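> Structure for the following, please:
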Amino acid sequence: MISRVRVTRFFRVVLGLFCVLLMTPSLAFAANDSPSTAASLSVSNPSVSDMLVGSTGGAYRYYQFNYQGGNAPVLVTLTYQPAYGGGNQAFGFNIYGPNSLSYAGHVTGTNGNSATAQYTIANSAALNLLVQVYNYTAGGPVSYTLTLSGLSGGSTAAVVATNNTTPEQAVPLKTINAALGGAITGNSSGAFQYYTLNYSGGNTPLTVTMNASPSYNGQGAAYGFNLYHTAANGQSSLVATSGTLSMDTSSMTLTATTSDSAATTYQLQVFNYWPGVSVNYGINITGLAAPATPASGNGDAGHAVVLNSGRQGATASLNGSPGGAFGYYVVNYPGNNSNLAVSVTFTSLTGTPPSAVGFNVYNGSTLEATANPYDDGSGVQAAVWTYQNPDPASFGIQVFDYAPNSAISYTIYQVGSQ
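Prediction:
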């Protein structure tokens, strides 16, 4: 006979396991595991974190939000780890709207074991949208954070295209987190809209991703975007054209990436050659730089200017001498093997030997590196230093000019500091 004590212990164990299941988000029955029980996101509650255990038949979480219309760009971002699968095959998200409207999120980057998938919505009409987070990895738990930015009343810098149909009317982007939205009606000669992008140099990637609807199934590229660069001689050249990353029944995702050693501006041209068809688009850009601001009074290490995410870059001038003229900056590196790039782009170097100008990098009193400028291929001179290490550090940057009677101007940027 089984003793009452053993039975009591058995039920205590079962009860304990049941309580653990309820307290574990990935294993418990979620309140938002069906469209009818979708959790609400809003400008006051724009982000949510959870864990989702996959199955071969699919495991899901659902969220809904109200999109304000007016072609305002709203960026949906899903960051998750581990980075299972590739693209949208194993883990990711879809967005559903009225009248069979559907969008598919796409992977825009990975960092170690983490990945980011995004979609930028732009539509003329206000919509109630449903976000479906999915996981098809059998028994695989994925931790994720879903975030909305650009909802009406929020702080995200949203730029909606207006009166920017010529290069001279290009809309300048002044923040690194700007999102673009617009509508463009095509014609056989091409319809265009223009934006100006600041870029930091340092050979860091500038990636433009465009989500647009309706989808185009014909030959060639009916719509998309181009990136143009202006060389030192004033000539403009095409450096990148959008390519199709993915396509579904409602929309297309187009992307392009470029890089340069020198800090510069790019002109983004959105085009539409599809006669009579209005294309709604949302654009997300990674690798943007805020405009560099003037630095002064930093001629010695004690008055070094700190460059960080709040002040990414600076401009200054030096009057060279045999004993050296200097500008000092401080960059704090976060470690974790993240990428750090420092670039100094020079103007007015005619007749100045490249070895006489550049910058030194100090770790305390130890000289870490020296970088001298080289031509980026378009006549612009830039010096670049990149760094990667598991340990955090604080670096002193000394921009120098040892050329007698030379007056130089420069722009310094960092990407990757704290």
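
> what about Phe192, which helix or strand?
Taking DSSP states H and E as the criterion, Phe192 maps to strand 191-199.

> which strands and helices sit next to that strand?
strand 171-172, strand 179-185, strand 264-272 (3 or more C-beta pairs under 8 Å, 6 or more residues apart in numbering; DSSP states H and E). Heads up, the C-betas are built off the backbone N, CA and C, glycines and all.

> can you map out the strands along the stretch 151-300 of the chain?
Counting by DSSP state E, counting those that start in this stretch, the stretch 151-300 of the chain has strands at residues 158-160, 171-172, 179-185, 191-199, 206-213, 223-230, 236-241, 243-247, 252-258, 264-272, 278-286, 293-294.

> what domains does the record give for this structure?
Here the domain parsing of the chain from automatic domain parsing is 31-149, 158-286, 293-415.

> Would you mind giving those as JSON lines with mean pLDDT added?
Below are the domains of the chain laid out as JSON lines (pLDDT from 0 to 100):
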{"stretch": "domain 31-149", "mean pLDDT": "91"}
{"stretch": "domain 158-286", "mean pLDDT": "93"}
{"stretch": "domain 293-415", "mean pLDDT": "94"}
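
> okay if I get the ones you listed as CSV plus mean neighbour count?
Formatted as CSV, these follow (neighbours: other C-beta atoms under 10 Å):
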stretch, mean neighbour count
domain 31-149, 18
domain 158-286, 18
domain 293-415, 17
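
> first to last residue in stretch 260-276, what's the distance?
Length of stretch 260-276, first residue to last, C-alpha to C-alpha, to the nearest Å: 37 Å.

> Equivalent analysis for stretch 386-397, please.
Start-to-end, stretch 386-397 (C-alpha to C-alpha) is 13 Å.

> what's next to it, contact-wise?
Counting by C-beta atoms under 8 Å, 6 or more residues apart in numbering, stretch 386-397 makes contact with 202-203, 301, 304, 307, 328-342, 359-363, 368, 412, all of which sit outside it.

> Gly153: how many residues sit nearby?
Neighbourhood size, Gly153 [other C-beta atoms under 10 Å]: 8.

> do you know how far the spatially most central residue of the chain is from Ala179?
The chain has Thr286 as the residue nearest its centroid, 2.8 Å off, counting by C-alpha atoms, centre = their mean. Noted for Thr286: a distance of 11 Å to Ala179, by C-beta to C-beta, to the nearest Å.

> before we move on, what about Ala31?
Using C-beta to C-beta, Ala31 is found at 30 Å from Ala179.

> Check Ser188 too.
30 Å.

> do the same with Asn233
33 Å.

> Which parts of the stretch 1-150 of the chain are helices?
All helices of the stretch 1-150 of the chain, identified by DSSP state H, counting those that start in this stretch, fall at 4-23.

> isn't Ser409 right up against Phe346?
Yes: at 7.3 Å, Ser409 and Phe346 qualify as touching, with contact defined as C-beta atoms under 8 Å.

> check contacts around Gly320.
Going by C-beta under 8 Å, 6+ apart, Gly320 touches Thr352, Ala356, Val357, Asp401, Tyr402, Ala403, Pro404, Asn405, Ser406, Ala407, Ile408.

> now do Ala170
Asn164, Tyr194, Tyr195, Thr196, Gln267.

> just checking, next helix/strand downstream of the helix or strand in which Thr315 is found?
Element membership for Thr315 (DSSP H and E) is strand 313-319. As assigned by DSSP H and E, the chain's next helix or strand after strand 313-319 is strand 325-333.

> Dump the C-alpha coordinates for that following strand into CSV.
Provided in CSV are the C-alpha atoms of strand 325-333 (Å, rounded to 0.1, in the frame of the first residue of the first chain):
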residue,chain,number,x,y,z
ALA,A,325,49.8,72.6,-33.3
PHE,A,326,47.3,70.3,-31.5
GLY,A,327,43.6,69.7,-30.8
TYR,A,328,42.7,67.3,-28.1
TYR,A,329,39.7,65.0,-27.7
VAL,A,330,38.6,62.1,-25.4
VAL,A,331,36.8,59.0,-26.4
ASN,A,332,35.5,56.4,-23.9
TYR,A,333,35.4,52.9,-25.3
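
> between that strand and strand 313-319, what angle do the directions make?
Counting by axes from the mean of the first three to the mean of the last three C-alpha atoms, to 10 degrees, strand 325-333 lies at 160 degrees to strand 313-319.

> what does strand 325-333 rub up against?
295, 298-301, 303-308, 314, 316, 318-319, 340, 342, 387, 389, 392-402, 410, 412, 414, 416-418.

> 6 Å - rerun?
298, 301, 304-307, 316, 318-319, 340, 392-401, 414, 417-418 (C-beta atoms under 6 Å, 6 or more residues apart in numbering).

> so of the residues you listed, which ones are in helices?
Members of the contacts of strand 325-333 lying in helices (criterion: DSSP state H): none.

> In strands only, show me those.
Among the contacts of strand 325-333, DSSP state E puts 305-307, 316, 318-319, 340, 393-401, 414 in strands.

> which residues touch Leu245?
Leu245 makes contact with His106, Thr253, Thr255 under the criterion C-beta under 6 Å, 6+ apart.

> Dump these to JSON lines, plus distance to Ala126.
Converted to JSON lines, the contacts of Leu245 look like this (distance: C-beta to C-beta, whole Å):
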{"residue": "His106", "distance to Ala126": "24"}
{"residue": "Thr253", "distance to Ala126": "23"}
{"residue": "Thr255", "distance to Ala126": "27"}
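
> quick one: which of those residues is nearest Arg61?
Proximity of the contacts of Leu245 to Arg61 (C-beta to C-beta) peaks at His106, which lies at 18.7 Å.

> surely the closest one meets Thr253?
Yes: in this structure, His106 is within contact of Thr253 by C-beta atoms under 6 Å, at 5.1 Å.

> what sits in contact with each of the two?
Common contacts of His106 and Thr253, defined by C-beta under 6 Å, 6+ apart, comprise Leu245, Ser246.

> Would you list the phi and psi of Asn203?
phi 60, psi 20 (degrees, to the nearest 10).

> how much space between the closest residue in space to Asn360 that isn't next to it in sequence and Asn372?
Take Asn360 and drop its neighbours on the chain: the residue closest to it by C-beta to C-beta, 6 or more residues apart in numbering is Gln398, 4.4 Å away. Note on Gln398: its distance to Asn372, by C-beta to C-beta, is 13 Å.

> go on, Thr350?
Per C-beta to C-beta, Thr350 is found 16 Å from Asn372.
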